[in-house]
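Chemist: Need coordinates for the following:
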Amino acid sequence: MDRNSPKPVETGNPQADALRLGIDWLDREGGQQRNPRALREVMGITLTSVSRGEAPPETEATILRKILQHEDGTSAPAKPLRATELENWWKAREEQLRQMCAREGCSLTPRLVVKTGGGRGLPSRLSFDFYPTLGAEPEADTSTQETTNELLRYQMDPVKPALWLRLLVGSRPFPIQSWRGYLLLGTAALDMVLIGLLWLGVYALWMQGQAITTATLAQLGLALLVTAGLWWLSKPVFQLPTQRVTIAGPSFLALGELYGQLRTMPALGRKLKSREFAVVRHWGICPICSAEVDLDSGRTAFPDRLVGRCHDAPLEHVFSFDPVRLVGKPLITTTRDETATPS
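Modeler: Below you'll find the model as predicted:
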């Protein structure tokens, strides 16, 4: 995760410092994926130029394709690099890099510039320029026309897991495809096995043909209570493969933690399908009233999704949650001006 990244050596060249941070971030965020590898090559070329005091150069997509082909050590024709795919990959994650630069005290943040080649066989060209980190605003999406004054930026901080989880798999993030990951999934599967055995026992008792008594009803009520409890414990883990981020209930959090989520996103520096499990907290500052915003269930208004709810106006100030870009758009925003009655 970004919080474990080493702080780059400050050289007095803010552009070079920003590019070194960006290269480190791409190595851990993209791993062996083709798009981030290509962007890393552009960053490396740009770093060499700005370290010499030169302007950031433009790199052709065809040259990047040959570089990747050479690194892979294959003579087979490589798949063409599409500038639009590189740009989409970058825009979906550039907010994470901006937050990383802000945490590390870097005054500039790299920004990808794509110039399409056109229809005459001209290759697309890629380069990086820079913008101030603290005053950076997300680029406007022409399809949705998001207003920056209502866009919520989420921060992601580690939280302390519950004692049983720390004893079982530790407190640091780990790949799902590891013995810790299989052990965690095994605990959820064990809960389902216990539920099955419990109801098998209830069924065996009822098949004996005994009269229904108060004790029988008490046993049935206890079975329902235990089933609900085990399902409540295992539900956040079972939802991870489809939702990637789930609400961590009190059973997964230490006593001192009020909010937290279970997160499985691509593992940094690992294979494509490898994901990393972590217990974190996504939160932000409400752009409407400046109160804290934490993730919550969408409930009946926004079923099957996580939303950000403002602490001071949890029913009115509600925001979407994008776990990749770490941003959210207003879903319900009732301001004082909107609710004021005419005089």
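Chemist: CA atoms for contacts and neighbours, from now on please.
Modeler: Will do.
Chemist: Which secondary structure element is home to R172?
Modeler: Using DSSP states H and E, R172 sits in no helix or strand.
Chemist: Below-threshold pLDDT in the stretch 201-343 of the chain: ranges please.
Modeler: For the stretch 201-343 of the chain, the stretches flagged by pLDDT under 70 are 267-274, 333-343.
Chemist: for this structure, what spans make up the helices?
Modeler: 14-30, 34-51, 61-72, 83-103, 163-169, 179-206, 214-238, 240-243, 336-339 (DSSP state H).
Chemist: Could you identify which of those is most buried?
Modeler: helix 14-30 (a mean of 22; mean count of other CA atoms under 10 Å).
Chemist: other SSEs contacting that one?
Modeler: Packing contacts for helix 14-30, counted by 3 or more CA pairs under 8 Å, 6 or more residues apart in numbering; DSSP states H and E, involve helix 34-51, helix 83-103, strand 108-115.
Chemist: between the ones you listed, which gets nearest to V159?
Modeler: Proximity to V159 (CA to CA) singles out helix 83-103 among these, at 17.6 Å.
Chemist: Taking helix 34-51 as reference, get the angle to the closest one.
Modeler: Computed by axes from the mean of the first three to the mean of the last three CA atoms, to 10 degrees, the angle separating helix 83-103 from helix 34-51 equals 60 degrees.
Chemist: what helices or strands is helix 83-103 leaning on?
Modeler: So helix 83-103, by 3+ CA pairs under 8 Å, 6+ apart, packs with helix 14-30, helix 34-51, strand 108-115.
Chemist: Including mean pLDDT and distance to L198, could these go into a markdown table?
Modeler: Rendered in a markdown table, the data for the helices and strands packed on helix 83-103 read as follows (pLDDT from 0 to 100; distance: least, CA to CA, whole Å):
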| stretch | mean pLDDT | distance to L198 |
| --- | --- | --- |
| helix 14-30 | 85 | 44 |
| helix 34-51 | 87 | 49 |
| strand 108-115 | 89 | 57 |
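Chemist: what's the closest of these to R263?
Modeler: Evaluated over the helices and strands packed on helix 83-103, closeness to R263 peaks at helix 14-30, with 14.8 Å, by CA to CA.
Chemist: so that closest one versus helix 83-103, what angle?
Modeler: Using the same axes, to 10 degrees: helix 14-30 against helix 83-103 is 110 degrees.
Chemist: Which residue is most remote from the mean position of this structure?
Modeler: Distance from the C-alpha centroid of the chain, by CA atoms, centre = their mean, peaks at A211 (54.7 Å).
Chemist: State the phi and psi torsions of it.
Modeler: The phi/psi pair for A211 (degrees, to the nearest 10) reads phi -70, psi 150.
Chemist: For L205, see how far away it is.
Modeler: In this view, A211 and L205 are 11 Å apart by CA to CA, to the nearest Å.
Chemist: do the same with F130
Modeler: Taking CA to CA, one finds F130 at 72 Å from L205.
Chemist: Kindly report the same for I332.
Modeler: Using CA to CA, I332 is found at 51 Å from L205.
Chemist: before we move on, what about L240?
Modeler: Distance of L240 to L205, given as CA to CA: 36 Å.
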